[in-house]
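Chemist: Okay, predicted coordinates and the sequence, questions at the end:
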Amino acid sequence: MLKLVVLISGGGSNLRALLEAAYDAEYPARVVAVGADRDADGLEHAEAYGIPTFSVPFTSFPDRAAWGDELLAQVLGWQPDLVVLSGFMRLVPPRVVQALSPHLINTHPAYLPEFPGAHGVRDALAAGVDQTGASVIVVDDGVDSGPILAQRRIPVLPGDDESSLHDRIKLVERELLVQTVLDVANGTIDLEQESHA
């Protein structure tokens, strides 16, 4: 059974999808804890499923390194097999990446390497493309630059704004994340191999 720690910053819709999947006894992964870098609404999803939560507010620390050290300590306390950044909107310090990678994955609302960074949906619309996508990657020290584990194209529809497009991307992100975790759990995806490919 793959043990997951999920880190969130917001509403936790991807987290909710993972919790729903893991509720099925046949799904070979369980969320053992959910952490946040702020008072995130998504923590309610964990509480609804009886999953322990923790918070490491960035503003409580003198710098990013100190915050990262505490975040890492909290995560490692749960001895996870895989850490999922699920709408976690803060870059984790290199020390955290080095300690967890390649067992640290992230979802991104674009077809990487297109439109990396915090505004992937807005950037796709600004570029006037007719399709974008969703990706699941191994986190490395770059910005959305790690090995791609799964991705799917999503059309940009006439009249799309950032909200409507992002809502459609989130649906695909959830499916990709649930499938990727399943593939890691059953050995279809070997994270060690992917990170050295």
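Modeler: Now that the structure is in, tell me what you want to look at.

Chemist: Helices along this protein, start to end?
Modeler: With DSSP state H, the ranges of helices along the chain come out as 13-22, 43-48, 64-76, 94-100, 120-127, 162-185, 191-195.

Chemist: elements contacting the fourth one?
Modeler: Counting contacts by 3 or more C-beta pairs under 8 Å, 6 or more residues apart in numbering; DSSP states H and E, the secondary-structure elements packed against helix 94-100 are helix 64-76. Every C-beta, even on glycine, is put in place using the N, C-alpha and C of the backbone.

Chemist: so how far is the helix it packs on from its chain's centroid?
Modeler: 17 Å (C-alpha atoms, centre = their mean, to the nearest Å).

Chemist: Then stretch 177-191?
Modeler: 14 Å.

Chemist: Which of the residues in it are classified as buried?
Modeler: Within stretch 177-191, the residues that count as buried by 16 or more other C-beta atoms under 10 Å are 177-185, 189, 191.

Chemist: Of all the residues in the lowest-mean-pLDDT helix or strand in the chain, which ones are buried?
Modeler: Every helix and strand in the chain was compared by mean pLDDT, DSSP states H and E; the lowest is helix 191-195, with a mean of 88. Within helix 191-195, the residues scored as buried using 16+ other C-beta under 10 Å are 191, 194-195.

Chemist: so where's this protein shaky on pLDDT?
Modeler: By pLDDT under 70, the low-scoring segments of the chain are 197.

Chemist: how does it divide into domains?
Modeler: 1-100, 108-172+187-197 (automatic domain parsing).

Chemist: residues contacting the closest residue to V75 other than its chain neighbours?
Modeler: Leaving aside its chain neighbours, V75 sits nearest to V5 (5.2 Å; criterion: C-beta to C-beta, 6 or more residues apart in numbering). By C-beta atoms under 8 Å, 6 or more residues apart in numbering, the contact set of V5 is 31-35, 75, 78, 80, 82-84.

Chemist: Now, those residues that are in strands?
Modeler: Members of the contacts of V5 lying in strands (criterion: DSSP state E): 31-35, 82-84.

Chemist: Could you export those residues as JSON lines, including distance to V143?
Modeler: Below are the ones in strands among the contacts of V5 laid out as JSON lines (distance: C-beta to C-beta, whole Å):
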{"residue": "V31", "distance to V143": "26"}
{"residue": "V32", "distance to V143": "28"}
{"residue": "A33", "distance to V143": "26"}
{"residue": "V34", "distance to V143": "24"}
{"residue": "G35", "distance to V143": "21"}
{"residue": "L82", "distance to V143": "21"}
{"residue": "V83", "distance to V143": "18"}
{"residue": "V84", "distance to V143": "18"}
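
Chemist: Understood, closing this out.
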